[in-house]
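K.L.:
pasting the sequence and the predicted model now:
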Amino acid sequence: MRIGRITLGFLLAMICCSVAVSASDSRAEFDAQLSQVIAKLNRQAKVDVDGPMLLTELIQRQYGTREDELKWAINHSINWGDVAALAYIQASTGRTFEKMTAEEDARRDFWAYAEKAQLSPSKMAHSLMSFVKLAEKERNSRIFERLRASRKVQAMPDLGSGFGLFQEALDFRRIDAPRASKVHTVPGLAKGGQ
């Protein structure tokens, strides 16, 4: 009986330890993904002149964030990666950026804030990674559109038929006089017969 209790206690301790380890692994993975998302969005906003405008449009379209919320974030110098994370939380909870940053300090620890708000951190990370891919795709599309617009093919001037005849004459001068290299005779065909 005593061995059974010890074994049961040992199994429960092992389960608790494995749950704690897996939770810390998922938190570390979340933190790494979120850091990567924030860094990519911040870099995109700095490198591309139209980056902030593009990110504003995408955040409004993807998460339904109002324009006044984005203006508040810009006026308070919140970087674009954090704005995207706050926009995700706002779309899920309805809290304002001001309340999330000033009162609840969500930017300090997004994992804890997401769990406190009863959000799934893994879904949040997945959504933000998808947002980054969408932003990169949209940025690349705009860059290629600008390149296409700036490199339109100019129509060649019509040189008339004289140019074509002159070119043909030059081409024919390079061709040697025709000479038969082999003569084929077909038996049974006579001159004038079909």
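P.N.:
All right, it came through fine. Since we're looking at a predicted model, the values are computed, not measured.
K.L.:
from here on, contacts and neighbour counts on C-alpha atoms
P.N.:
Fine.
K.L.:
show me what contacts the nearest residue to residue 100 once chain neighbours are set aside?
P.N.:
Leaving out its chain neighbours, the residue that sits closest to residue 100 by C-alpha to C-alpha, 6 or more residues apart in numbering is residue 106, at 5.5 Å. Each residue near residue 106 by C-alpha atoms under 8 Å, 6 or more residues apart in numbering is listed here: 86, 100, 113.
K.L.:
closest to residue 26 among those residues?
P.N.:
residue 113 (15.2 Å; C-alpha to C-alpha).
K.L.:
sec struct for the closest one, please.
P.N.:
Per DSSP: H, G, I helix; E, B strand; the rest coil, the local secondary structure of residue 113 is helix.
K.L.:
pLDDT score for the closest residue to it other than its chain neighbours?
P.N.:
Distances taken as C-alpha to C-alpha, 6+ apart place residue 106 nearest to residue 113, at 5.6 Å, with adjacent residues excluded. Residue 106 carries a pLDDT score of 81 in this model.
K.L.:
same thing with residue 87?
P.N.:
At residue 87, pLDDT is 92.
K.L.:
quick one: it and residue 29, what's the gap?
P.N.:
Using C-alpha to C-alpha, to the nearest Å, residue 87 is found at 21 Å from residue 29.
K.L.:
more neighbours, these two?
P.N.:
Per other C-alpha atoms under 10 Å, whichever of residue 87 and residue 29 has more neighbours is residue 87, with 26 against 14.
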